[in-house]
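Colleague: Model the structure of this input:
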Amino acid sequence: MKKLYDWTMRQAASPKAGRWLGFISFLESSVFPIPPDVMLVPMCLAQRERAFHYALICTIASVIGGLFGYAIGYFLIETLGDIIIRAYGYGDKLHAFQEAYQEWGVWIILVKGLTPIPYKLVTIASGAAHFSLLAFTLASIVTRGLRFFLIAALLWRFGPPIKEFIEKRLTILTWIFFIGLIGGFVVVRFIL
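Modeller: From the prediction side, this is the model:
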């Protein structure tokens, strides 16, 4: 894991760093299982002065990726959308999720956009429920922006001590991250 961390830190200085971050953020909102935080955190630590720039890239790309996920749910729920939803173990709960949108729509997007629950499930289910595209887009901007800018602000403000903390405890933090990621999938699969 140390090699991956060091590689990411080196990539943060590369001219293509922002493009890769945007690409991962876009994919994560519709199909990819790994959140952009894996790149955002080391990039913000490597270049703290660009932390808010990276957060903006994540936010814009994530919202655009969310619109792509919404389109999958809206137009392709019977094919590609179904495959993605089932891959995350949520296929039998999609109908209940669509019904919840009738009562809680925007709140579902706001809350789930900040949690470890895979955001792509929210985007696809929003499209499948034919939830208001404007409300979906605005809620996505708020929730994704809040998440990424909060991370960037913390890393910008407390950069060196956090960087030192992460580098000393990289293995345990990696395990905690993966347990949290898997926990999000378990919550989706068995609790929701």
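Colleague: where does this protein have low pLDDT?
Modeller: For the chain, the stretches with pLDDT under 70 are 1-2, 4-13, 113-117, 162-178, 180-192.
Colleague: How are the helices of it distributed by residue range?
Modeller: For the chain, applying DSSP state H gives helices covering 2-11, 17-28, 37-46, 51-76, 82-87, 94-112, 119-128, 133-168, 170-186.
Colleague: Buried deepest among these, which one?
Modeller: Burial of these is given as mean neighbour count (mean count of other Cβ atoms under 10 Å); helix 119-128 ranks first at a mean of 27. The way it works is simple: take the backbone N, C-alpha and C, and place the C-beta from them, glycine included.
Colleague: which strands and helices sit next to that helix?
Modeller: Counting contacts by 3 or more Cβ pairs under 8 Å, 6 or more residues apart in numbering; DSSP states H and E, helix 119-128 is packed against helix 51-76, helix 82-87, helix 94-112, helix 133-168.
Colleague: Save the ones you listed as CSV, and put in distance to Pro42 too.
Modeller: Below are the helices and strands packed on helix 119-128 laid out as CSV (distance: least, Cβ to Cβ, whole Å):
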stretch, distance to Pro42
helix 51-76, 10
helix 82-87, 27
helix 94-112, 25
helix 133-168, 8
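Colleague: Tell me which of these sits nearest to Lys3.
Modeller: Counting by Cβ to Cβ, Lys3 lies closest to helix 133-168 out of those; the figure is 13.0 Å.
Colleague: any idea how far the closest one is from the chain center?
Modeller: Taking Cα atoms, centre = their mean, to the nearest Å, one finds the center of helix 133-168 at 11 Å from the center of the full chain.
Colleague: next one: stretch 119-126
Modeller: In this view, stretch 119-126 has its centroid 11 Å away from the chain centroid, taken as Cα atoms, centre = their mean.
Colleague: who touches it?
Modeller: Contact partners of stretch 119-126, identified using Cβ atoms under 8 Å, 6 or more residues apart in numbering, comprise 28-32, 35, 62, 65-70, 72-73, 77, 81, 84-85, 88, 90, 94, 97-98, 101, 108-109, 112-113, 136, 140, 144, 188.
Colleague: Please give me every residue in contact with Phe136.
Modeller: Counting by Cβ under 8 Å, 6+ apart, Phe136 touches 66, 70, 109, 123, 126.
Colleague: Other residues contacting stretch 140-159?
Modeller: Defining contact as Cβ under 8 Å, 6+ apart, one finds that stretch 140-159 is touched by 29, 36-37, 40-41, 44-45, 48, 51-52, 54-56, 58-59, 62-63, 66-67, 109-110, 113-114, 119, 123, 162.
Colleague: Phi and psi next, for the spatially most central residue of the chain.
Modeller: Nearest to the mean C-alpha position of the chain, counting by Cα atoms, centre = their mean, stands Pro35 at 4.5 Å. Main-chain dihedrals, Pro35, degrees, to the nearest 10: phi -70, psi 150.
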